[in-house]
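Trainee: Quick one: sequence and predicted model below, then my questions.
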Amino acid sequence: MSRGPSGTVLDMPALGAGPARRRVRPYLFQNLEKVPKSQLDLLRRLEWLLPDGLLSGELGEQVKTALRRVFDEDVLLWLDYVHTVAPSTLARIVREPTFLAAIAPSPHRARGAVEVELALAHSIIDLLLGAGGEAAIVRSLTEIEEGVLSYVLLETFKALSPPVGETGRERIRLEQPFRTVDEALGLFDQESSVAVIELKVLIGAAAGYIRLLLPASAISAAVPSEDGPECRARRLARLERHLPRLASVRAWLRAEVGHVDLTGGDLLALRPGDVMLVDELTARVDRGEPGPVCLRVGIGRAGRIEATLEVSGGSYQARIDKILPGPGPLSEAPDDEAAAKLAEAGHEPLPAPAREYEEEPSGRFNPDMHTSPGMRSPWDDDEKTSVTTKPEDIQAIAAELLNDVPLHVVVELARVPISADEVLGLHSGQIIELGKAPGEPVELSVNGKVVARGELVEIEGQLGVRIASLSE
């Protein structure tokens, strides 16, 4: 393959012919919207501040019912766009004439503003007065009309408020209307950024938009921690609501009873018949003895299940003790701790990488310190390139690099298929049949992928796994 100034040349043989060369031009997407990372973070925060489902247009029935009581019409409300802007650019977005009022996402904190398009404001007022809801003239609202619209917004925010019993999310409070746009925009003079949230509204025949202008400080004050109990409860409720979409999703529930930390080179050097010493083994499953076991769904990074192994009817089963967030100690045992345990047992530590990165006493980077003995440095004056390096030499150098790849190898007793709804139904005291008898082979896995199978053995008081077969 070669690259030319006007595209990429690929070797592509034609049907019934020999090799042919076809010029392929890379496709470039044009005019894509650039979304900063700060905006994605803002969306995650707004997901908590706003009613559940508003960002996706799927309002709950409780909110729909409350809005129907206010307008005596079905109300459709969905998000049109969200972006962050500097306060200085708000004057180009919000213009006279319009309706603006102050809102407080949390008590005694920074305030924001709500804007209602005048055409929609007049249509809402006409609806409440028994008219058709189609405003023919767009003009500034009178004080009486502002009072009527403020009442409608109060009832709307009440409908969008968190349900009774939900803690952590405050009700958005409506304050006085602003007389001018400049007065409203003065709220944001000291702010670093402002979130502009535009909502499309359809009430009967009336249609228009509502904007929420929320400063970053107000959002930060109103949104609890993502790891807090309130956010976890909402995520769980959302999972349960959308569980039918995951009905066909199945994963493995893995039962881990030990682990060992190796390098990539050590793992690739294993052969059938080799014995790999285990850093920690929680249960003697070769003898059928009970003991603790760690259950993980899939890779198991989000959480773990602590359980107790028991033998019933000649087969192992796990009794769930508690379900905890996070990967836990079995997946995060540090290398130095594993080496210390092996040293205490009288065994040599696992091979370390050939050379660690070092610096000269002056603090300058010295490339000579980063080459293995007998290997020339690419910075040598008499050998600037590796063009003359033999392929077998390159492979040997690449093989040495594997010694710098740390791998966490897990000893698995069994794997049990589990569905998404079964995962949500797990609870303390539940019995899970593992379908594995004492003394049966165990599996070695890395990041959930089985790499070898073997049997537990004891060598001079140390437990290990004798490799029986390697995965392809």
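Mentor: Sure thing, it's come through.

Trainee: and L185, what helix or strand is that in?
Mentor: Taking DSSP states H and E as the criterion, L185 maps to helix 181-185.

Trainee: other SSEs contacting that helix?
Mentor: On a contact count with 3 or more CB pairs under 8 Å, 6 or more residues apart in numbering; DSSP states H and E, helix 181-185 meets helix 90-93, strand 99-104. (Each C-beta comes from the backbone N, C-alpha and C, glycine too.)

Trainee: ok, and what's touching it?
Mentor: Residues outside helix 181-185 that contact it (CB atoms under 8 Å, 6 or more residues apart in numbering) are 87, 90-91, 94-96, 98, 100, 102, 113, 178, 213.

Trainee: switch the cut-off to 10 Å
Mentor: For helix 181-185, the external contacting residues (CB atoms under 10 Å, 6 or more residues apart in numbering) are 87-88, 90-91, 93-98, 100-102, 112-115, 177-178, 194, 213.

Trainee: how much does the lengthiest helix in the chain deviate in direction from strand 99-104?
Mentor: As assigned by DSSP state H, the longest helix anywhere in the chain is helix 143-159. Between the axis of helix 143-159 and that of strand 99-104 there is an angle of 40 degrees, by axes from the mean of the first three to the mean of the last three CA atoms, to 10 degrees.

Trainee: And the next helix or strand past helix 143-159?
Mentor: strand 173-177.

Trainee: Partner strands of that following strand, with direction?
Mentor: Sheet pairing for strand 173-177, assigned by DSSP bridges, gives strand 99-104 (antiparallel).

Trainee: which parts of the strand it pairs with are buried?
Mentor: Residues of strand 99-104 classed as buried: 99-104 (neighbour count, 16 or more other CB atoms under 10 Å).

Trainee: before we move on, what about stretch 449-469?
Mentor: Buried, per 16+ other CB under 10 Å, within stretch 449-469: 451-454, 456, 463-465, 467.

Trainee: which one of these is nearest P417?
Mentor: R453 (18.5 Å; CB to CB).

Trainee: per-residue confidence at that closest one?
Mentor: With respect to pLDDT, R453 scores 93.

Trainee: could I have the host helix or strand of it exported to PDB, CA atoms only?
Mentor: R453 is located in strand 449-459, with elements delineated by DSSP H and E. This file holds the C-alpha atoms of strand 449-459, laid out as PDB (Å, rounded to 0.1, in the frame of the first residue of the first chain):
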ATOM      1  CA  LYS A 449     -11.400 -13.900  28.700                       C
ATOM      2  CA  VAL A 450     -10.400 -17.500  29.500                       C
ATOM      3  CA  VAL A 451      -6.700 -18.100  28.700                       C
ATOM      4  CA  ALA A 452      -6.100 -21.500  30.300                       C
ATOM      5  CA  ARG A 453      -7.600 -24.400  32.200                       C
ATOM      6  CA  GLY A 454      -6.000 -26.400  35.000                       C
ATOM      7  CA  GLU A 455      -6.200 -28.100  38.400                       C
ATOM      8  CA  LEU A 456      -5.300 -26.900  41.800                       C
ATOM      9  CA  VAL A 457      -2.200 -28.500  43.300                       C
ATOM     10  CA  GLU A 458      -0.100 -28.000  46.500                       C
ATOM     11  CA  ILE A 459       3.600 -27.700  46.300                       C
END
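
Trainee: thinking again about what came up before, can you redo the buried residues of strand 99-104 as TSV with pLDDT and distance to K200?
Mentor: Shown next, in TSV, are the buried residues of strand 99-104 (pLDDT from 0 to 100; distance: CB to CB, whole Å):
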residue	pLDDT	distance to K200
F99	92	17
L100	93	19
A101	93	19
A102	91	23
I103	89	19
A104	84	24
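
Trainee: ok, back up a step: need the next SSE after the strand holding R453, C-terminal direction.
Mentor: strand 462-470.

Trainee: the inter-axis angle of that following strand versus strand 449-459?
Mentor: Going by the same axes, to 10 degrees, strand 462-470 is angled at 140 degrees with respect to strand 449-459.

Trainee: coming back round to it: distance from the chain centre to the helix holding L185, please.
Mentor: 38 Å (CA atoms, centre = their mean, to the nearest Å).

Trainee: for S140, what are its contacts?
Mentor: 96-99, 118, 121, 146.

Trainee: try S150
Mentor: By CB under 10 Å, 6+ apart, the contact set of S150 is 99, 101, 141, 174-177.

Trainee: Would you map out the domains in the chain?
Mentor: 39-239, 250-381+389-470 (automatic domain parsing).

Trainee: okay if I get those domains as TSV plus distance to V24?
Mentor: TSV is the format used below for the domains of the chain (distance: least, CB to CB, whole Å):
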stretch	distance to V24
domain 39-239	33
domain 250-381+389-470	29
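
Trainee: comparing these, which gets the lowest mean pLDDT score?
Mentor: domain 250-381+389-470 (a mean of 75).

Trainee: Span of it from start to end?
Mentor: One end of domain 250-381+389-470 sits 25 Å from the other (CA to CA, to the nearest Å).

Trainee: Name the residues of stretch 289-304 that come out as buried.
Mentor: In stretch 289-304, counting by 16+ other CB under 10 Å, buried: 293-297, 300, 304.

Trainee: If we go by neighbour counts, what in stretch 87-106 is buried?
Mentor: Residues of stretch 87-106 classed as buried by neighbour count (16+ other CB under 10 Å): 87, 90, 94, 98-106.

Trainee: Centre of the chain to that stretch, how far?
Mentor: For stretch 87-106, the distance to the chain centre is 33 Å (CA atoms, centre = their mean).

Trainee: got the CA positions of it in PDB?
Mentor: Extracted in PDB, the C-alpha atoms of stretch 87-106 (Å, rounded to 0.1, in the frame of the first residue of the first chain):
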ATOM      1  CA  PRO A  87     -22.600  35.400  29.200                       C
ATOM      2  CA  SER A  88     -21.500  38.000  26.600                       C
ATOM      3  CA  THR A  89     -23.200  36.000  23.800                       C
ATOM      4  CA  LEU A  90     -26.700  35.800  25.500                       C
ATOM      5  CA  ALA A  91     -27.700  39.200  24.000                       C
ATOM      6  CA  ARG A  92     -27.600  37.600  20.500                       C
ATOM      7  CA  ILE A  93     -29.900  34.800  21.700                       C
ATOM      8  CA  VAL A  94     -32.400  36.500  23.900                       C
ATOM      9  CA  ARG A  95     -34.000  39.600  22.300                       C
ATOM     10  CA  GLU A  96     -36.900  42.000  22.800                       C
ATOM     11  CA  PRO A  97     -39.800  41.600  22.900                       C
ATOM     12  CA  THR A  98     -40.100  38.400  25.000                       C
ATOM     13  CA  PHE A  99     -41.200  37.200  28.500                       C
ATOM     14  CA  LEU A 100     -38.400  36.600  31.000                       C
ATOM     15  CA  ALA A 101     -38.700  35.600  34.700                       C
ATOM     16  CA  ALA A 102     -36.100  34.600  37.300                       C
ATOM     17  CA  ILE A 103     -35.900  31.000  38.500                       C
ATOM     18  CA  ALA A 104     -34.000  29.400  41.400                       C
ATOM     19  CA  PRO A 105     -32.900  25.800  40.800                       C
ATOM     20  CA  SER A 106     -31.900  25.600  44.400                       C
END
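
Trainee: Any chance you could spot the residue sitting in the middle of the chain?
Mentor: A302 (9.6 Å; CA atoms, centre = their mean).

Trainee: Now do the same contact list for the residue lying closest to that one once chain neighbours are set aside.
Mentor: Leaving out its chain neighbours, the residue that sits closest to A302 by CB to CB, 6 or more residues apart in numbering is P325, at 7.0 Å. By CB under 10 Å, 6+ apart, the residues touching P325 are 227, 232, 302-304.

Trainee: This completes my enquiry, with thanks.
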